[in-house]
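Asker: Coordinates only, no sequence provided:
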């Protein structure tokens, strides 16, 4: 004999079935509404930042900037052979690369906040953060411009320092050699005492007839003293 279900139990079961049907119909209606909204509203593509690409761009741009400045003021041989110049160039490239990378990331953050505002986020705090990021970006741009001027002055100074160092280097005279060193911009240079003696004889014609190597050597000693 089947068990008889109480009337109050039947009422609860019927009410539950009605509620499940309403929920099911509501979910279906919601899905249809969402689908209609996707078709009506324009699709918004998320803007993600490829940090590896940005870092590579910053490194390449920094290499081009520093190389162009150093090669404008210095000879390529100096850049490649002087260790100090080579290390300074490496440090300058790292600094410029970091500044460029920070500038790009600040630009990305500003764009994301502008998209939030355009999407309806009008909270005052959003505008405060946006203004702060814009100030930070302008500071980075100013630092980059200042560092460019600093680099130019440094490489100008390096050019002058290298020239002075070359002029201060002592000229070594080989007393056992008689060959002549190729002429420079300021005249010519010689190696060997015999050629120096001949040069002094030519410079003092009145002593040419009577001068002998010993006297010429004495003249050289007096000049050196």
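Answerer: Structure received. Keep in mind that this is a model prediction, so the values were computed, not measured.

Asker: in the protein, what spans have low per-residue confidence?
Answerer: 1-7, 22-46, 168-225 (pLDDT under 70).

Asker: one more time with 50
Answerer: Counting by pLDDT under 50, the low-confidence segments of the chain come to 171, 173, 175, 177-188, 190, 207-209, 211, 220, 223.

Asker: For it, which segments are assigned as helices?
Answerer: Using DSSP state H, the helices of the chain run over residues 7-40, 51-73, 76-81, 83-118, 124-168, 193-203, 213-224.

Asker: how about those helices in CSV, adding mean neighbour count?
Answerer: The way it works is simple: take the backbone N, C-alpha and C, and place the C-beta from them, glycine included. Shown next, in CSV, are these (neighbours: other CB atoms under 10 Å):
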stretch, mean neighbour count
helix 7-40, 10
helix 51-73, 15
helix 76-81, 12
helix 83-118, 16
helix 124-168, 13
helix 193-203, 15
helix 213-224, 12
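
Asker: quick one, phi/psi of residue 121?
Answerer: With angles defined as degrees, to the nearest 10, residue 121 sits at phi -80, psi 90.

Asker: Which residue ranges make up each domain of the chain?
Answerer: Split into domains by automatic domain parsing, the chain comes to 51-168, 180-224.

Asker: Now do the end-to-end distance for stretch 68-82.
Answerer: By CA to CA, to the nearest Å, the extent of stretch 68-82 from end to end equals 17 Å.

Asker: For it, which outside residues touch it?
Answerer: The set of residues external to stretch 68-82 that reach it, using CB atoms under 8 Å, 6 or more residues apart in numbering, is 85-86, 89, 148, 151-152, 155-156, 158-159, 162.

Asker: same deal with stretch 128-141?
Answerer: Applying CB under 8 Å, 6+ apart, the contact partners of stretch 128-141 are 99, 102-103, 106-107, 109-110, 113-114, 117.

Asker: on that earlier part again, need the contacts of stretch 68-82 in JSON lines with distance to residue 124, can you?
Answerer: Formatted as JSON lines, these follow (distance: CB to CB, whole Å):
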{"residue": "85", "distance to residue 124": "52"}
{"residue": "86", "distance to residue 124": "52"}
{"residue": "89", "distance to residue 124": "47"}
{"residue": "148", "distance to residue 124": "37"}
{"residue": "151", "distance to residue 124": "41"}
{"residue": "152", "distance to residue 124": "43"}
{"residue": "155", "distance to residue 124": "48"}
{"residue": "156", "distance to residue 124": "49"}
{"residue": "158", "distance to residue 124": "51"}
{"residue": "159", "distance to residue 124": "54"}
{"residue": "162", "distance to residue 124": "57"}
